[in-house]
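J.: The following comprises the amino acid sequence and a computationally predicted model.
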Amino acid sequence: MPRFRHYSMLAILTLIVVRDAASQSSPPPLTEQYRAIADRLIDAATGDSAAWHKLARLTDRFGPRLSGSKALEDAIDWILAEMKKEGLENVRGEPVMVPHWVRGDESAELTAPRPQPLPILGLGHSVGTPEGGIEAEVLVVKSFDDLATRGAEARGKIVLFNVPFVAYGATVRYRTEGASAAARAGAVAALVRSVTPHSLSTPHTGRLLYDSAAPRIPAAAVTVEDAMLLARMQERGEKPRLRLRMGARMLPDARSRNVVAEIRGSEHPDEIVVMGGHIDSWDVGQGAMDDGGGCVVAWEALRLMKRLGLRPRRTIRVVMWTNEENGMRGAAAYRDTHRAAVDRHVLAIESDNGVFKPAGFAFTGSDAARARIAEVASLLARIEADSAAPGGGGADIAPLMELGVPGMSPIVDGSRYFWYHHSAADTMDKLDPNDMARVTAALAVMTYIVADMAERLPRAAGR
């Protein structure tokens with residue numbers, strides 16, 4: 001019995017030693033490691049309205065920032081100077097050549113069955129009309145199939161695509177492809193019903209894509225109300241006519257820059273977590289929602305880390321991409337400039353869905369990485385931003401994601417986003433300071449922890 005007790009006690013002691021060693025070798029959950037830091041970042045972000053006021057200074061001072069414009073380059077100069085004042089690291093503008101489309105003067109007027117001016121916005125990269133404008137009968141169609149059925153009627157007319165908003169991806173095809181479809185049918189110009197579910201006689205612009213096999217004809221957006229007006233007139237057999245004048249033209253490519261600023265990593269500075277938005281906008285409104293807000297919340301998140309003295313193991317890099325709206329040159333230039341370091345990009349986050357009330361993050365990457373993201377997101381429960389869903393990404397980070405970098409985007413309340421998208425109504429009053437503060441907090445917590453945790457965020461197999 002004594003010998004048995006001796007061996008039993010030895011076994012127990014061995015188990016205790018093994019258990020203690022295991023507990024010492026396994027790090028505590030991320031929620032335990034980072035809860036205090038997460039709370040500090042949330043408190044700092046939500047303690048004031050700094051993000052909203054910074055965006056207001058940007059948009060009120062420089063207004064809309066179309067690629068190629070002086071306003072865009074002046075805004076970039078101001079941002080770079082402010083970032084340097086704040087002590088952010090490696091602040092720079094990385095050169096990009098961008099397309100330079102100019103809207104010029106434009107107007108549309110209903111001439112029959114009665115005179116009435118119609119508000120329009122020419123579509124980005126559209127050609128202009130002849131100097132005297134174009135006057136022609138309008139043919140209203142409901143879809144590409146409807147145009148194909150009535151193609152013989154389109155010759156010499158202005159074709160209007162009166163397509164109600166269903167979802168952005170489905171409806172925007174008429175804006176991007178409508179001009180060439182109308183041109184193939186012999187139309188002299190194309191109009192599209194603005195891509196929006198809600199209108200107060202506000203037209204919405206956006207880029208079109210010309211088919212190289214079709215003539216280039218002028219194209220513009222009309223309001224939802226006027227598209228429906230013209231459709232009713234046609235249904236009554238009244239044959240509406242329009243006079244369209246557009247001074248749009250393309251100039252030679254212009255110099256621009258992607259804005260870059262960092263907090264360098266303490267242990268793995270070559271590994272990078274990227275977050276940002278696009279600094280260019282259309283030439284109407286203020287570009288506040290799309291996407292000045294996305295740029296500023298990322299910028300503020302980085303500034304808060306600097307202010308709190310937080311330096312993660314890996315580098316956090318803010319990028320404000322240029323020329324997202326009408327060319328995607330900034331996204332391509334960033335990929336090409338940093339191609340040799342793509343494998344060291346741990347995560348790319350883009351905020352380009354408005355800076356409205358956040359609910360969490362959408363993520364595209366490996367299952368193992370998504371589990372880690374969900375664990376980090378749980379630390380955002382106090383600001384109701386703790387969901388972790390599949391399907392994250394963005395236009396500017398798409399080139400990185402195609403090369404295997406995991407992608408992410410904030411999930412926000414987008415119920416009003418397309419009310420203002422690409423219109424003169426994209427102004428500061430549409431944004432709430434508290435919502436912007438919460439988006440800033442969510443980005444700060446997510447990027448800091450992913451950049452600081454002991455193990456790098458795992459990639460999908462083969463990426």
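T.: Yep, it's here.
J.: Based on its surroundings, how many neighbours for D386?
T.: Counted with other C-beta atoms under 10 Å, residues neighbouring D386 total 18. In short, each C-beta sits where N, CA and C put it, glycine included.
J.: Just to check, it is in contact with E375?
T.: No - counting by C-beta atoms under 8 Å, no contact exists between D386 and E375, whose distance comes to 10.3 Å.
J.: Would you mind measuring from G63 to W282?
T.: Summarising the geometry, the distance separating G63 from W282, computed by C-beta to C-beta, to the nearest Å, is 11 Å.
J.: what about these two, which has more around it?
T.: Per other C-beta under 10 Å, whichever of G63 and W282 has more neighbours is W282, with 25 against 20.
J.: just for the protein, where's the confidence low?
T.: By pLDDT under 70, the weakly predicted segments of the chain are 1-26, 462-463.
J.: If we use 80, what do you get?
T.: Low-confidence regions of the chain, defined here as pLDDT under 80, cover residues 1-27, 460-463.
J.: residue ranges of the helices in it, please?
T.: Defined through DSSP state H, the helices belonging to the chain, from first to last, are 2-25, 30-46, 50-62, 70-85, 144-149, 168-171, 173-184, 224-235, 293-307, 329-337, 367-377, 398-402, 417-420, 433-452.
J.: Give me the nearest residue to E106, chain neighbours excluded.
T.: Once its chain neighbours are removed from consideration, E106 has its nearest residue in M246; the separation is 4.6 Å (C-beta to C-beta, 6 or more residues apart in numbering).
J.: now D291
T.: Closest residue to D291 apart from its sequence neighbours, by C-beta to C-beta, 6+ apart: G277 at 4.3 Å.
J.: distance of the one you found from W299?
T.: 9 Å.
J.: Around the residue nearest to R303 when sequence neighbours are not counted, how many other residues sit close by?
T.: Ranked by C-beta to C-beta, 6+ apart and with sequence neighbours excluded, the top spatial neighbour of R303 is E86, at 5.4 Å. E86 is surrounded by 15 other residues when neighbours are defined as other C-beta under 10 Å.
J.: Check the one 4 residues further on too.
T.: Close neighbours of N90, defined as other C-beta under 10 Å, add up to 12.
J.: Equivalent analysis for P390, please.
T.: The local packing count at P390 equals 10, with neighbours defined by other C-beta under 10 Å.
J.: And the one 5 residues further on, by the same measure?
T.: For A395, the count of nearby residues is 16 (other C-beta under 10 Å).
J.: just R416 next, same as before
T.: Each residue near R416 was counted by other C-beta under 10 Å, and the total is 14.
J.: same check, this time on V412
T.: Neighbouring residues of V412 were enumerated by other C-beta under 10 Å; the total is 23.
J.: Surely it is in contact with P358?
T.: Yes - V412 sits in contact with P358 when judged by C-beta under 8 Å, with a separation of 5.2 Å.
J.: Which neighbours do these two have in common?
T.: Both V412 and P358 are in contact with D435, V439, where contact means C-beta atoms under 8 Å, 6 or more residues apart in numbering.
J.: Report the buried residues of stretch 367-387.
T.: Going by neighbour count (16 or more other C-beta atoms under 10 Å), the buried part of stretch 367-387 is 369-370, 372-380, 383, 385-387.
J.: next one: stretch 426-435
T.: D426, T427, M428, K430, L431, P433, D435.
J.: show me what contacts D426?
T.: Under the criterion of C-beta under 8 Å, 6+ apart, the contact list for D426 reads S281, W282, V284, G285, Q286, G287, A288, M289, D290, Y420.
J.: if I look at it, how far off is I120?
T.: Counting by C-beta to C-beta, the gap between D426 and I120 amounts to 17 Å.
J.: In contact with the residue nearest to R243 when sequence neighbours are not counted, which residues?
T.: With C-beta to C-beta, 6+ apart as the criterion, R243 has its nearest non-adjacent residue at 4.3 Å, and that residue is E135. Under the criterion of C-beta under 8 Å, 6+ apart, the neighbours of E135 are T111, R241, L242, R243, L244.
J.: related to what we said a few turns ago, the buried residues of stretch 426-435 into TSV, with extra columns for distance to V188?
T.: Converted to TSV, these look like this (distance: C-beta to C-beta, whole Å):
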residue	distance to V188
D426	31
T427	34
M428	39
K430	36
L431	40
P433	48
D435	45
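J.: Can I get stretch 191-205 in CSV, CA atoms only?
T.: C-alpha atoms of stretch 191-205 as CSV (Å, rounded to 0.1, in the frame of the first residue of the first chain):
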residue,chain,number,x,y,z
LEU,A,191,-30.6,59.0,-70.4
VAL,A,192,-30.9,56.8,-67.3
ARG,A,193,-33.3,57.1,-64.4
SER,A,194,-31.1,57.9,-61.4
VAL,A,195,-29.9,54.8,-59.6
THR,A,196,-31.6,55.5,-56.2
PRO,A,197,-34.6,54.2,-54.3
HIS,A,198,-35.6,57.6,-53.0
SER,A,199,-35.6,61.0,-54.8
LEU,A,200,-36.4,64.6,-54.1
SER,A,201,-35.8,65.7,-57.8
THR,A,202,-32.1,65.0,-57.3
PRO,A,203,-30.2,63.4,-60.2
HIS,A,204,-27.4,60.9,-59.3
THR,A,205,-24.3,60.6,-61.5
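J.: Buried residues in it, which are they?
T.: Within stretch 191-205, the residues that qualify as buried by neighbour count (16+ other C-beta under 10 Å) are L191, V192, R193, S194, V195, T196, P197, S199, T202, P203, H204, T205.
J.: ok, now stretch 344-362?
T.: Neighbour counts over stretch 344-362 (16+ other C-beta under 10 Å) mark 344-362 as buried.
J.: go on, stretch 402-417?
T.: Taking 16+ other C-beta under 10 Å as the neighbour-count basis, stretch 402-417 is seen to contain the buried residues V405, P406, G407, M408, S409, P410, I411, V412, Y417.
J.: Dump stretch 30-43 to CSV, keeping only the CA atoms.
T.: What follows is stretch 30-43 as a C-alpha-only set of coordinates in CSV (Å, rounded to 0.1, in the frame of the first residue of the first chain):
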residue,chain,number,x,y,z
LEU,A,30,-8.1,37.4,-27.2
THR,A,31,-11.0,38.7,-25.3
GLU,A,32,-9.0,38.4,-22.1
GLN,A,33,-5.8,39.8,-23.5
TYR,A,34,-7.3,42.8,-25.2
ARG,A,35,-10.5,43.8,-23.3
ALA,A,36,-8.8,46.7,-21.5
ILE,A,37,-7.2,48.1,-24.6
ALA,A,38,-10.4,47.7,-26.6
ASP,A,39,-12.3,49.6,-23.9
ARG,A,40,-9.6,52.4,-24.0
LEU,A,41,-9.9,52.7,-27.7
ILE,A,42,-13.7,52.7,-27.6
ASP,A,43,-13.7,55.3,-24.8
